[in-house]
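**Q** sequence and predicted structure, then a few things I'm wondering about:
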Amino acid sequence: MTRKISAAGANRRVAARAVRYPSAVDENEAPIIDLRSDAHFMSQALREAHKAFNRGEVPIGAVIVHENRIIARAWNQVETLKDATAHAEMLALTAAQQALGDWRLENCTLYVTKEPCPMCAGAIVHCRPSRVVFGCPDPKGGAAGGWINLLDANPPLNHRCDTLSGVMGEESLRLLQTFFREAREKKKAEKQAGEIIPDT
């Protein structure tokens, strides 16, 4: 004897089979997203860099973290503010000092998408964060080991920072390369347009 099953009953059975119950998780297994990792915080700095990119600024972004919480965010705003010192790191340091109510950024970590320049490295030393994590190195002008090292100078300055490089370095470098490539192409197009002599 064949048992007939209604469409509604069949649907209920399919739905029941589709239910997935949570399984035991190995305590040693790393979480999919670690919201306290260097990669997570660098991804936030990259978000700031994209803001700079979208506004025609050199795409560098920075965040400062204190006790696993972001207390400052900034992106490069040299052209926006018409201020040569308005690098992402400089703006982030100022914002973090205001957030903490202290110029000493002890137990803080600065995340920046590109190795700090000498100006920013000097300011970092004076603000005294514990760590500096950056994305891509700058062999020609970096001051955290690329060209010179002001963050761990010998003889030492009044503060030394632990540094870590290469965190999301490829993504940071790729964004910079895209920016400068598009800038060159735009400049070339403008030059070619200016060379066109209108018919008289």
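**A** Everything's here; your move. Numbering: from 1, shown residues only.
**Q** next, the contact list for the spatially most central residue of the chain, please.
**A** Against the mean C-alpha coordinate of the chain, by C-alpha atoms, centre = their mean, the closest residue is Ala45 at 2.3 Å. By C-beta atoms under 8 Å, 6 or more residues apart in numbering, the contact list for Ala45 reads Gly61, Ala62, Val63, Ala88, Tyr111, Val112, Thr113, Gly135. C-beta: built from backbone N, CA, C; applies to glycine.
**Q** how long is stretch 103-114 from one end to the other?
**A** 23 Å (C-alpha to C-alpha, to the nearest Å).
**Q** what is the least confident helix or strand in the protein?
**A** helix 7-18 (a mean of 47; mean pLDDT, DSSP states H and E).
**Q** what's the first helix or strand after that one?
**A** helix 38-54 (DSSP states H and E).
**Q** now do the buried residues in that next one.
**A** The neighbour-count check on helix 38-54 (16 or more other C-beta atoms under 10 Å) flags 38, 40-46, 48-49, 51-53 as buried.
**Q** same deal with stretch 169-181?
**A** Gly169, Ser172, Leu173, Leu175, Leu176, Phe179.
**Q** pLDDT and distance to Pro118 added to these, as a markdown table?
**A** Converted to a markdown table, these look like this (pLDDT from 0 to 100; distance: C-beta to C-beta, whole Å):
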| residue | pLDDT | distance to Pro118 |
| --- | --- | --- |
| Gly169 | 97 | 20 |
| Ser172 | 98 | 19 |
| Leu173 | 98 | 20 |
| Leu175 | 98 | 22 |
| Leu176 | 98 | 18 |
| Phe179 | 97 | 22 |
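**Q** in helices, which of the residues you listed fall?
**A** When DSSP state H is applied, the buried residues of stretch 169-181 are split such that Gly169, Ser172, Leu173, Leu175, Leu176, Phe179 fall in helices.
**Q** can I get these in a markdown table including distance to Gln98?
**A** Listed next are those as a markdown table, based on distance: C-beta to C-beta, whole Å:
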| residue | distance to Gln98 |
| --- | --- |
| Gly169 | 30 |
| Ser172 | 26 |
| Leu173 | 31 |
| Leu175 | 28 |
| Leu176 | 28 |
| Phe179 | 29 |
